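Asks: My questions concern the predicted model and sequence given below.
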Amino acid sequence: MHWLRTLAAASIAGLLYACTTPPVMAPAPPAPPVEQRAPVTILIGIDGFRPDYLDRGVTPVLSQLAAQGVRATMRPSFPTKTFPNFYTLVTGKRPDRHGIVGNRFEDPARPGERFTLASDQPYWWDQAEPLWTAAEKAGVQTAVMFWPGSGVEIGGTRPHDWQAFGMAVSGRQRVDAIIDWLRRPAATRPKLLGLYFDTVDTAGHHHGPHDPGTNAAVAEVDALIGRLTSELAALGQPANLVFVADHGMAAVDESRRIQLDTIAAASDFRTVEEGPYAAIEPQPGREAALAAALLKPHPNMECWRRADVPARLHYGRNPRTPSFLCLARIGWTITTRPAREPLRPGGAHGYDPAAPEMAALFLAHGPAFASGVTLPPFDNIHVAPLLRRLAGVPQAQAVDGDAAMLAPALKR
C-alpha cells in the first residue's frame, strides 16, 4: 500500500507540474534587417517662385527646410522665361549656348519652322547635354516627373522613367509618382529624380505676384512638399532636396503698354515673341528702315541688333536669337495687339535678370548640405555642376557653370 500511495503522489505532482509549466515554444524568427538606403538626389522645380514668397507666412514646410538647410537668391539667365532657364538648370549652359533661346524662337537652318513649348524633336534640344542624359550614360538611373526636355531623346537617351507633361496631372499625383519610383527594389531604384510644379507660375500670371490667389498657390505647393518629405521619411529614404525656380514675377497692367507697331511700321517686321521683351525679324528688304525706327531712344524700352545685345545678358551669339531684340522696363509690355484689346492685368516675366522681381528661389536640404546657411546671390548656371556632384555624375566640360561656386552649400 505504501508504494501505491507513493505512486499516486508522484502522478498528482506530475499533473500539477504540467499545468503550471508553460510549453516549450519554438524561437521567434529574427526580424528582417532594416534596409539602409543610400541618399538620392531630387531636383524640384517650382515655376515662377520668387525667393520672397518664403517670407509671407504661407510656407511652413519650405521655410523650415530653408532654416535647416541652405537658402539663396538665384539670378536667372536671359531671357527670363521658363524653357530657357529650366534647361540651363540641368545643363549648366546659358540659353545662348544650349540653344533653347526662348519659349518661342526660330532657327535659320529650319526655315518655316518655329520652336514652341510642345516641340519635342531632338534637333531643337541637342546643343547641350542635360543632367539626366549624362547620368544615364554614367550608369546612374534617373526618373523625371515633368521637366522641360525630359521627354525628348537627347543624345539618343531619355531618363529611365519619365512622364509627358499634362496640367491635368495633379500635384499630389506628381509627388506620388516620385514615391512610387522610390519604392522599387534597390537594384532598379532611381538615384536622381526630377519633379516639376507649374501652379505658382500660373497663379502669378493670372493674379500678379502680390495677390492672395498667388499666395494660395504657394501654400498649395508647400503642402505638397510636406507630403513628399513625410513619404520619404516613412520609406526611410534619405534625400538631398534641391529646390529651384526658373524666374520670378513682376506686376503688369494696361497702363504700361508699348505699342510696337506705332514705333515701327507694321509692314517692316514680324514678331516671334512679345511681352517683357520682343524678338523681332525684319521683313525682306526692310532691315534698314526697321533699324532706324527701333535703335533710337525709347522711354520704356531699349532695342539692339543681335550683335549689339549688352554683354550682361550673355545673348546674341546663337543664330537662333532674333535679329532685333527689344527689352522693356520692368512691368512694361511690348505688344502688337490692337490698342482696343486691353492687356490682361496680372504678372509677367522675361525682363532683365538683374531686376529683383526676376529673382528665383534656391533652397537645398539633406544629408549633403550645411545647415542654416544663406548664400550670396549667384547665377543659375552653377546648379547643374552641383547636381552632378551630388549624384556622382562626372562634371561636364566647356559649360558656363562652376562646381566650386556652390561648394559652400555642402557640409565640410
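Replies: Cool, the structure landed.
Asks: ok, what's across the strand from the spatially most central residue of the chain?
Replies: Geometric centre of the chain, nearest residue: Gly45, 2.3 Å, by Cα atoms, centre = their mean. Here Gly45 sits in beta bridges with Tyr196, Val244, going by DSSP bridges.
Asks: Not counting sequence-adjacent ones, nearest residue to Arg317?
Replies: Asp96 (5.4 Å; Cβ to Cβ, 6 or more residues apart in numbering). In this view, the C-beta of every residue, glycine as well, is placed from N, C-alpha and C.
Asks: thinking in terms of the whole chain, how far from its middle is whichever helix in the chain runs longest?
Replies: Using DSSP state H, we find that the single longest helix of the chain is helix 212-235. Its chain's C-alpha centre and that of helix 212-235 lie 15 Å apart, by Cα atoms, centre = their mean, to the nearest Å.
Asks: Would you mark the buried spots in that helix?
Replies: Burial within helix 212-235, assessed by neighbour count using 16 or more other Cβ atoms under 10 Å, is assigned to 214-215, 217-219, 221-226, 228-229, 231-232.
Asks: and the gap between the residue nearest to the centre of the chain and Thr82?
Replies: Applying Cβ to Cβ, to the nearest Å, the value for Gly45 to Thr82 is 9 Å.
Asks: where along the stretch 201-350 of the chain do the strands fall?
Replies: For the stretch 201-350 of the chain, the strands defined by DSSP state E, counting those that start in this stretch cover 239-244, 250-252, 257-259, 269-273, 277-282, 301-305, 324-328, 333-335, 346-348.
Asks: Tell me the strands beside the second one, with direction?
Replies: Same thing as strand 250-252. Here, using DSSP bridges, strand 250-252 pairs with strand 346-348 (antiparallel).
Asks: what do you get for the fifth one?
Replies: When pairing is defined by DSSP bridges, strand 277-282 lines up against strand 269-273 (antiparallel), strand 324-328 (antiparallel).
Asks: who wins for proximity to Gly57 among those strands?
Replies: Closest to Gly57 of those is strand 324-328 (Cβ to Cβ; 31.9 Å).
Asks: Buried ones in the closest one, by neighbour count?
Replies: For strand 324-328, burial by neighbour count (16+ other Cβ under 10 Å) applies to 324-328.
Asks: what's the angle between that strand and strand 301-305?
Replies: 160 degrees (axes from the mean of the first three to the mean of the last three Cα atoms, to 10 degrees).
Asks: Alpha carbons only: can I get strand 324-328 in CSV?
Replies: Taking Å, rounded to 0.1, in the frame of the first residue of the first chain, the C-alpha atoms of strand 324-328 are listed here in CSV:
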residue,chain,number,x,y,z
PHE,A,324,16.5,92.6,-83.2
LEU,A,325,15.8,92.4,-79.5
CYS,A,326,13.8,95.0,-77.6
LEU,A,327,13.7,94.8,-73.8
ALA,A,328,11.1,96.6,-71.8
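Asks: Any chance you could list what contacts that strand?
Replies: 258, 260, 269, 276-282, 290-291, 294, 300-306, 309, 315-316, 334, 351-352 (Cβ atoms under 8 Å, 6 or more residues apart in numbering).
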